[in-house]
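A.B. asks: everything below, folded, please.
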Amino acid sequence: MTAAHEPGSPEPTGEGDDATSGRGPGHGHAHGPARIGRSVASAVLIVLTCVLVPVALLTTWVHDIALDTDRYVSTVAPLATEPAIQDAAVHRITEAVDVHVDGSKAAADMASWLQSQGLPPRAAAAVRSLGPALDSAVDSAVTKVATRVVHSHAFAKVWTGSNRIAHNAVVHALIGKGRGAVGVSDGTVTLDIGTVVERVKKQLVDAGLSPAAVIPDVNKQMVLFHSDDLAKLRKGTRLLDAVGNWLPVFVVLIGACGVLLAHSRRRALARTALGAAFACLVVAIGLVVARHYYLDHLPPQVQSRAAASAVFDTLLRFLRVSLRTAIVLGVVIALGVYLIGPGRLPVVVRGTSERTADSAAVWAYAHQIRTGRAGTWTQANRRWITLAALLIVALVFALWNHPTVLTVLLLVLILLAVLALVALLAASGRATLGAEGPPQGPSKDTGTTRTG
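C.D. replies: Now for the predicted structure:
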């Protein structure tokens, strides 16, 4: 229901309309340009915030994964047990070992010697035909030993040690600094598996395959990643490295300024949250498209599509989790802002919650379950308690080390539980005040307090 417009009264205007606030035309004209400038500044800051949120997440990924050796090693360590990586490693190690045994010549020599000792020609021919089988047996033995080594803890240790010696493979790949087991050349990132090859050679010799002893030392490289745009990626990474971890703080500050400058801060906050979530969603979709494009255009240097996929997914896992977290957080903030607004549904939700809390408090009071001063104090200071709870949850989220979607949901559940407890305590305070009534002063006639 809206109030009827009475004759002679001013026309209803929007929130903050200075032109019809009764302050005179001069005052309205003076504040008109300032109001417009404030709105434009707010809109620019909010749009800039939405655009920079995914960029800030990217800078965090560069610093926390690409520039942190321990965290990078812990990120790539599971790749040592990834089946696709293990299969690719077995293939490359088998190629590197390359035991040369001429099975045909060995079988022919054996057949000639046996024939000279009286072996029938037909039997000697059968021995000569065993040459290809000898070659296959040697290849099978090499593959079996390489597979056993790769699937053992020794390969995992070599994998982790190689990456740690390189200090940080992603730093080397994107910035080009450092040397070690990881190399970068013409857009190709490789890992030196020479140490693993040496282990395979030793096991082959120990198993009785003596030709493996003459295998020369090798510096075999296993291709981890290839991109023709690696040089461009290096330039971008250097820029992100220069910005550092200050960009997320800067984004939060300009977002806060944009909301504070807005005339309707509640709507501005909701739009900022949804805009940032949408920007992160666009980047997340872009990563999916980039992944498919990369895997569909693998160069010949990358022998295994599955291994390339595993490396790509592992290196970008933290960035993907951060984008999903930002999307969920933006939606949660926008939903929370909507539920405290004047809309019909939020009013119904809040009214239902208050009535439920009041009913529970009245029932508890009737059954001698009372909160005493805690309830009345909560009722008197409910607004400040709610604000403190919101600030504490926001601070916990800001200080959380690499929050995820589960982190957001956990904090939301904790906040809802705290707000529900505050609502119950406030309702209990109202029930107590309603049952006991307001305190009355002393009687004028007797000087005693009335109790009736």
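
A.B. asks: ranges for the strands of the protein?
C.D. replies: For the chain, the strands defined by DSSP state E cover 182-185, 188-192, 221-226.

A.B. asks: mean confidence score for the longest one?
C.D. replies: The average of the pLDDT scores along strand 221-226 is 58.

A.B. asks: please apply the same query to the shortest one.
C.D. replies: Taken as a whole, strand 182-185 has a mean pLDDT of 50.

A.B. asks: please apply the same query to the second one.
C.D. replies: Rounded to a whole number, the mean pLDDT of strand 188-192 is 61.

A.B. asks: neighbours of residue 275, how many?
C.D. replies: Look at residue 275: counted by other Cβ atoms under 10 Å, it has 19 neighbours. In this view, the C-beta of every residue, glycine as well, is placed from N, C-alpha and C.

A.B. asks: again, but for residue 315
C.D. replies: By other Cβ under 10 Å, 21 other residues sit near residue 315.

A.B. asks: now residue 412: how far from residue 243?
C.D. replies: Residue 412 sits 30 Å away from residue 243, going by Cβ to Cβ, to the nearest Å.

A.B. asks: per-residue pLDDT of residue 233, please?
C.D. replies: Confidence at residue 233, expressed as pLDDT, is 64.

A.B. asks: in stretch 358-365, what's buried?
C.D. replies: Residues of stretch 358-365 classed as buried by neighbour count (16 or more other Cβ atoms under 10 Å): 358, 360-362, 364-365.

A.B. asks: show residues contacting it.
C.D. replies: For stretch 358-365, the surrounding residues in contact (Cβ atoms under 8 Å, 6 or more residues apart in numbering) are 370, 375, 424, 427-428, 430-432, 435.

A.B. asks: now render the buried residues of stretch 358-365 as TSV, adding distance to residue 82 and pLDDT.
C.D. replies: Output for those, formatted as TSV (distance: Cβ to Cβ, whole Å; pLDDT from 0 to 100):
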residue	distance to residue 82	pLDDT
358	57	90
360	53	90
361	57	88
362	61	88
364	57	87
365	61	85
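
A.B. asks: how about the residues you listed in JSON lines, adding distance to residue 80?
C.D. replies: Compiled in JSON lines, the buried residues of stretch 358-365 are given as follows (distance: Cβ to Cβ, whole Å):
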{"residue": "358", "distance to residue 80": "60"}
{"residue": "360", "distance to residue 80": "56"}
{"residue": "361", "distance to residue 80": "59"}
{"residue": "362", "distance to residue 80": "63"}
{"residue": "364", "distance to residue 80": "58"}
{"residue": "365", "distance to residue 80": "63"}
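
A.B. asks: which ones among these are found in helices?
C.D. replies: Taking DSSP state H, the ones among the buried residues of stretch 358-365 that sit in helices are 358, 360-362, 364-365.

A.B. asks: and the helices in the stretch 201-350 of the chain?
C.D. replies: Ranges of helices in the stretch 201-350 of the chain, per DSSP state H, counting those that start in this stretch, are 230-243, 246-261, 265-296, 305-315, 317-339, 344-366.

A.B. asks: mean pLDDT lowest where, among these?
C.D. replies: helix 230-243 (a mean of 66).

A.B. asks: look up how far residue 243 lies from the residue nearest to residue 424 when sequence neighbours are not counted.
C.D. replies: Excluding its sequence neighbours, the residue lying closest to residue 424 (Cβ to Cβ, 6 or more residues apart in numbering) is residue 357, at 5.4 Å. With distances taken as Cβ to Cβ, residue 357 is found 47 Å from residue 243.

A.B. asks: so for residue 419, which of the helices of the stretch 201-350 of the chain sits nearest?
C.D. replies: Residue 419 lies closest, by Cβ to Cβ, to one member of these: helix 344-366, at 9.0 Å.

A.B. asks: and the angle from that closest one to helix 317-339?
C.D. replies: 80 degrees (axes from the mean of the first three to the mean of the last three Cα atoms, to 10 degrees).

A.B. asks: then helix 344-366 to CSV, C-alphas only?
C.D. replies: Provided in CSV are the C-alpha atoms of helix 344-366 (Å, rounded to 0.1, in the frame of the first residue of the first chain):
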residue,chain,number,x,y,z
ARG,A,344,9.1,-9.0,-0.6
LEU,A,345,10.9,-12.3,-0.3
PRO,A,346,13.6,-11.0,2.1
VAL,A,347,10.9,-9.4,4.3
VAL,A,348,9.0,-12.7,4.4
VAL,A,349,12.1,-14.7,5.2
ARG,A,350,13.2,-12.3,8.0
GLY,A,351,9.6,-12.1,9.4
THR,A,352,9.3,-15.9,9.5
SER,A,353,12.7,-16.2,11.2
GLU,A,354,11.7,-13.6,13.9
ARG,A,355,8.4,-15.2,14.5
THR,A,356,10.0,-18.7,14.8
ALA,A,357,12.6,-17.3,17.3
ASP,A,358,9.8,-15.5,19.3
SER,A,359,7.8,-18.7,19.5
ALA,A,360,10.8,-20.7,20.6
ALA,A,361,11.6,-18.0,23.2
VAL,A,362,8.1,-17.9,24.6
TRP,A,363,8.0,-21.7,24.9
ALA,A,364,11.4,-21.8,26.6
TYR,A,365,10.3,-19.0,29.1
ALA,A,366,7.1,-20.9,29.9
